[in-house]
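J.: this is a predicted model, with the sequence first.
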Amino acid sequence: VQLVESGGGLVQPGGSLRLSCAASGYTFTNYYMSWVRQAPGKGLEWVSDINSGGDNTYYADSVKGRFTISRDNARNTLYLQMNSLKPEDTALYYCARSLRVGARPVYDYWGQGTQVTVSS
């Protein structure tokens with residue numbers, strides 16, 4: 001199993017970025033996928049989940065209305081469209097394969113992370 005994120009970078013407040021996560025080594029359509037982030041000096045924070053078919057999505061309150069998770073099952077790729085970015089969105093963003101979502105999530109594979117920095 002391999003998860004490879006891309007698309008991070010430096011953006012000004014109010015700007016947008018789209019993160020991608022290319023999955024390989026397993027049947028992508030069998031699993032929920034998630035985005036999780038870690039801000040400097042802080043713990044992991046769940047950002048968003050998407051079900052295997054891509055028709056159910058879930059968001060942390062901190063990103064709801066600004067971020068959109070999606071997936072292209074034909075390309076085995078997960079996305080996170082991030083709009084109206086704020087300095088507090090600065091973090092290392094990971095995609096993860098989910099075994100369980102909800103209050104006590106369980107992830108069994110993670111990508112290496114892609115850095116998002118929001119600063120003027």
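T.: Yes, it's here. Not measured: the values here are computed from a predicted model. Numbering: from 1, shown residues only.
J.: center of this protein, which residue is that?
T.: Trp35 (2.6 Å; Cα atoms, centre = their mean).
J.: so who does that one touch?
T.: 19, 21, 47-48, 69, 78, 80, 93-96 (Cβ atoms under 8 Å, 6 or more residues apart in numbering). C-beta coordinates here come from the backbone N, C-alpha and C atoms, glycine included.
J.: redo these as a markdown table? Include pLDDT and secondary structure.
T.: What follows is these, written out as a markdown table (pLDDT from 0 to 100; DSSP: H, G, I helix; E, B strand; the rest coil):
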| residue | pLDDT | secondary structure |
| --- | --- | --- |
| Leu19 | 98 | strand |
| Cys21 | 98 | strand |
| Val47 | 97 | strand |
| Ser48 | 97 | strand |
| Ile69 | 98 | strand |
| Leu78 | 98 | strand |
| Leu80 | 98 | strand |
| Tyr93 | 98 | strand |
| Tyr94 | 98 | strand |
| Cys95 | 98 | strand |
| Ala96 | 98 | strand |
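J.: report the separation between Ser24 and Gly43.
T.: 28 Å (Cβ to Cβ, to the nearest Å).
J.: could I get the full set of strands for this structure?
T.: For the chain, the strands defined by DSSP state E occupy 2-6, 9-11, 17-24, 32-38, 44-50, 57-59, 67-72, 77-82, 91-100, 106-110, 114-118.
J.: tell me which of Ser24 and Gly43 has more neighbours.
T.: Ser24 (10 against 6; other Cβ atoms under 10 Å).
J.: how about Asp55, phi and psi?
T.: With angles defined as degrees, to the nearest 10, Asp55 sits at phi -100, psi 0.
J.: what count of nearby residues applies to it?
T.: Counted with other Cβ under 10 Å, Asp55 comes out at 7.
J.: do the same with Ala60
T.: Neighbours of Ala60 (other Cβ under 10 Å): 15.
J.: enumerate every residue touching it.
T.: By Cβ under 8 Å, 6+ apart, the contact list for Ala60 reads 45-48.
J.: can you give me the distance of it to Trp35?
T.: Note on Ala60: its distance to Trp35, by Cβ to Cβ, is 9 Å.
J.: cool, and Ser120?
T.: According to Cβ to Cβ, Ser120 stands 24 Å off from Trp35.
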